[in-house]
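Undergrad: Sequence first, predicted coordinates after that:
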Amino acid sequence: MNQFLKIGFTLLLFVFVGCKASAQKFTTHAVKKGETLVSIAKQYRVDTETILKLNKEIKDGDNLRVNTILVIPKDGKAKAVAEQSTVKTASSSVQNNKGETQEEPIGFTSYTVKKRETLYSIAKRFHIGTEDIKKYNPELYSSQLKRKMTLKIPKYKRVKPEDVLEINEDDFETYTVLPKETRWSIAYKYGITVDSMEVLNPELSKANDYLAVGQELKLPKIAGSTVENQETQLYLSYTVPPKMNFFQLEQKFGVKSDEVVRLNPEIQERGGLKEGMVIRIPQKKIASGEINTENYNFYEVKPKQTEFSLTRKFGISYKELLELNPDLAQGLKAGMVLKLPKDQKGDFEIRNSLVLDKINLIDSINVQNRPKLMFLLPFRLDKLDLSDKDRVANTIDKRNSLKYSLGLYSGALVALDSIADLGVSVDVKTFDNQLSLEKTKEILQKENLASYSAIVGPLDVPSLKEAAVRAGGKRVPLVAPIPAKSDLSLANVFFSYTSEELLRERMIGYTLEKRTDQHIIVIADDKNQGVKGQLLATFADADTLKVTQEEKNIGINIDKLTRLLSDKTENWVFVETDNFKLVSSVTSILNSLNTEEVKVRMFTTDKNSAFDNEVISNAHLSNLRFTYPSVYKAVSADAFFKRYEKRFGSAPDRYAVRGFDLTFDLLLRLAYKNNLMEASKTVGETEYSGNKFDYERNGASGYFNRSSYILTMEDLRIKEAE
């Protein structure tokens, strides 16, 4: 039985096990000698297209092999499900054959191949590389260029001539990067776009925006001044528009009329301001040493933005914007870098002093982008006897890796349906790496990794390292769907599961922000003395309570705890342990001490499995308003929830929710920019059914999700903390 069909069949069993579904929507059929796709379709009263959609590994017109297992819908409703799950196929890549990141096209044009033309001559004609043509015409990887073939030719953004001066060494100077400077702050100093800076300095990385202190850059000399001394008086040229008068000029530039007339004697000679007249306006530049990430934020102007839209966006007047950015008087241009006040607030995000627009990914997708994904997960099909459904169901129920893989994959399938509805075509390949490093190597060796937009998985760390290293050589991102730690520098890995360290920092930061006069008490076992130290460093006035640990027992002294509790202010008690016995004991004691006179609230910086043990009373946790950090929150009956129920006949578990959120977010980012690394620069935090994602690059260590929730149990419900 081929792998895709096995996974599909096992997935059906998983859904049955996970939700006790009472009605089966599909059946299987073992192909017999002489049977065809048409004859099988007639037998089950479905059309051949429906069978093909449910069995992606067979193609229309293929001779069916005897004993091939087909998934067949049992009724019209199942047929409709199959129609919803169509995932269009297209080849996509984010690399050329050298493994270099390529610029994303801004559009495409069609070209019909003429007689005697070669791939090289066509590439030269359009000023692009041959790999650019192959990338968007994947059939050229396996067949020759033919006359009258219609090619899809990408069009790239080119730097405007006025943005990059002709290279004359006398017009340029070497600039040394200072502390707290970024590409945007330096671009602002020189009045050029970041694109121009990158063209002048091709050694700058395209994968990130990193600048090292002391790094030397080639930049155009500023006319009439130098970067080292910009306190001197400078002037800008201004073309007088229709109906402009001296009052409006003063309002716009803050310059008195007599000063304007003195600097521009032609005004008096021609009897006043005239439309089209080019006049000098005095401006004063701020010293370059003061323009850095400590003093200002920076914003790169987007196409079609206006001065009016920017003043509305940032909540400042045009005069204030002009005072900070005198060159704005010469006109607003896309790519221009604007300086903004450091305390600027609005509907945007700020990273390293760069103001990022909050992007609605669904509204920003480009259907020309056609991602290709690989799912590399341990379905363990080598260990399953699919002829024994009861045994398979029992195995799924007991084996966490299998349960997680199938849950993740079922959610991913719904995400693929959802992205297809948005008009985005996706090519998907799914492999079972069997939790085996050798199997992982075998799969990766056979695949052309450079053709993939991203890889999701594997789950085991040895296979994750292997896949990351191999994909990294092709500059292909790998998404780790579960908590994963690595001792390697894996620059291409997106760690989607927020780390324990970040969750702890978020929890401590939350309590620090919300605390007024609450009394802090820390209860930590021997394993968590480091966490205890971190809490005491943050809350210097906190009290601690020793945990007594014996061979079989663990607990605290009730009398000592009672004496520590304050009756004047609320007590915030941190419980740091992975021992469910200690959690049970402390929770019970705190609940008994939580009265009208003595208020107690319970916290932890790490809600591990000890807090979910069946011996722990949820009623006690609710009474104590137990508060903790989490990467996941409970799902309500949203669009995904309903779509999942419609497809699988059951409610999604947390693994399916994560599979949907992770895959949908990944596909939206790739549909926005078919390069996950590039998208991570501009896409801020995103949130879906039960998970958030906000990837931030950490040098050569990879991209880390920094998002999380602070949750509280109250009235026997879990909700986001205020």
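TA: Okay, I see it. Just so it is clear, the model here is predicted, and its values are computed rather than measured. Numbers count the residues shown, from 1 in each chain.
Undergrad: quick one: contacts for the spatially closest residue to residue 503 that is not a sequence neighbour?
TA: Distances taken as CB to CB, 6 or more residues apart in numbering place residue 629 nearest to residue 503, at 4.0 Å, with adjacent residues excluded. The C-beta positions use only the backbone N, C-alpha and C, and glycine is treated the same way. Counting by CB atoms under 8 Å, 6 or more residues apart in numbering, residue 629 makes contact with 503-504, 506-507, 510, 605-607, 708-711.
Undergrad: Helices - which of the residues you listed land there?
TA: 503-504, 506-507, 510 (DSSP state H).
Undergrad: Which one (most neighbours) among those?
TA: With neighbours defined as other CB atoms under 10 Å, the most crowded of the ones in helices among the contacts of residue 629 is residue 507; it has 24 neighbours.
Undergrad: next helix or strand past the worst-scoring helix or strand of the chain on mean pLDDT?
TA: Sorting the helices and strands of the chain by mean pLDDT, DSSP states H and E puts helix 76-84 at the bottom, at a mean of 40. Heading C-terminal from helix 76-84, the first helix or strand you meet, by DSSP states H and E, is strand 107-112.
Undergrad: Could you pull out the buried residues of that following strand?
TA: residue 111 (16 or more other CB atoms under 10 Å).
Undergrad: For this structure, list the residue farthest from the centre, please.
TA: residue 269 (60.9 Å; CA atoms, centre = their mean).
Undergrad: Next one: that residue from residue 241, what distance?
TA: Noted for residue 269: a distance of 20 Å to residue 241, by CB to CB, to the nearest Å.
Undergrad: Give me the distance from stretch 614-631 to the chain's centre.
TA: Taking the mean of its C-alpha atoms, stretch 614-631 sits 30 Å from the chain's own mean (CA atoms, centre = their mean, to the nearest Å).
Undergrad: How about stretch 357-368?
TA: 13 Å.
Undergrad: export that stretch as CSV, just CAs?
TA: Below are the C-alpha coordinates for stretch 357-368, written out as CSV (Å, rounded to 0.1, in the frame of the first residue of the first chain):
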residue,chain,number,x,y,z
ASP,A,357,2.7,48.2,9.6
LYS,A,358,0.4,45.6,11.1
ILE,A,359,-0.3,43.4,8.1
ASN,A,360,-3.5,41.7,7.5
LEU,A,361,-2.1,38.6,5.8
ILE,A,362,-5.3,37.5,4.3
ASP,A,363,-5.7,40.8,2.5
SER,A,364,-2.0,40.8,1.5
ILE,A,365,-1.7,37.4,-0.3
ASN,A,366,-0.4,37.2,-3.8
VAL,A,367,-2.1,34.3,-5.7
GLN,A,368,0.9,34.3,-8.0
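Undergrad: Need the residues that contact that stretch.
TA: Applying CB under 8 Å, 6+ apart, the contact partners of stretch 357-368 are 105, 107-108, 302, 347-349, 422-425, 665, 668-669, 671-674, 682-684, 686.
Undergrad: tell me the SS of the residue nearest to residue 503?
TA: strand (DSSP: H, G, I helix; E, B strand; the rest coil).
Undergrad: what does the model give it for pLDDT?
TA: At residue 629, the model reports a pLDDT of 97.
Undergrad: Among the ones in helices among the contacts of residue 629, which one lies nearest to residue 648?
TA: If you rank these by distance to residue 648 using CB to CB, residue 503 comes first, at 30.6 Å.
Undergrad: secondary structure class for the nearest residue to residue 375 once chain neighbours are set aside?
TA: In space, and not counting its chain neighbours, residue 375 is closest to residue 430: 4.4 Å by CB to CB, 6+ apart. Three-state call for residue 430 (three-state DSSP): strand.
Undergrad: what about residue 430, how many residues close to it?
TA: 20.
Undergrad: what's the answer for residue 202, then?
TA: The tally of other residues near residue 202 (other CB under 10 Å) stands at 8.
Undergrad: cool, residue 720 as well?
TA: Residues lying near residue 720 (other CB under 10 Å) number 10.
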